[in-house]
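I would like to see how this sequence folds:
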Amino acid sequence: MFRVTREIEFCYGHRLLNYEGKCRYLHGHNGLAVIAIEGPELDDRGMLVDFSDIKSAVSTWIDQNLDHRMLLHRDDPVVGLLQDMGEPVYLLDRNPTAENIARLIFEESAKLQLSVPIVEVKLWETPKCFATFRPD
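Numbering: from 1, shown residues only. Okay, the predicted model is just below:
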């Protein structure tokens, strides 16, 4: 089995609902999504998938939807205020934890037209903390 990964950097803000720590306040991160793709065979170039294909598909989605946006639960009371101010927001049905953002990137990336499946997404929220999502 072959595995390739591509790192995609982006900036985002969020806050967590039902949380007692500092992350209950609006704050930002320099995130790093690590996209892992696996497959049993290489193409005629000797590649599982071209790294640039991962970048163009997944990076484009992240740039258009998550980069420099506030990622918030759709029930967060600040959503209306931020939208009224013209601030870019991305609304989730779940609390925007690192775990749920990794799952979101996985689920949206799986819809893209890549020749082999994405098997795992890691989201580095800080240089020392990351969450991983992979389906069962």
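
Identify the residues contacting residue 116.
Contacts for residue 116 (C-beta atoms under 8 Å, 6 or more residues apart in numbering) come out as 37-39, 48-49. Any C-beta I mention is one placed from the backbone N, CA and C, and that applies to glycine too.

ok, for it, nearest residue in space, not its chain neighbours?
residue 39 (4.0 Å; C-beta to C-beta, 6 or more residues apart in numbering).

What of residue 97?
For residue 97, the closest residue by C-beta to C-beta, 6+ apart turns out to be residue 16, at 6.3 Å.

quick revisit: of the contacts of residue 116, which is the nearest to residue 103?
Comparing the contacts of residue 116 against residue 103 with C-beta to C-beta picks out residue 37 as the nearest, at 16.8 Å.

That closest one: which element?
With elements delineated by DSSP states H and E, residue 37 resides in strand 27-39, which encompasses its position.

Dump the helix or strand following that strand to CSV, keeping only the CA atoms.
Of the helices and strands lying after strand 27-39 in sequence (DSSP H and E), the nearest is helix 51-54. Output in CSV follows, covering the C-alpha atoms of helix 51-54 (Å, rounded to 0.1, in the frame of the first residue of the first chain):
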residue,chain,number,x,y,z
PHE,A,51,0.9,16.3,-5.1
SER,A,52,-0.3,19.3,-7.2
ASP,A,53,-3.7,17.5,-7.8
ILE,A,54,-4.2,17.3,-4.1
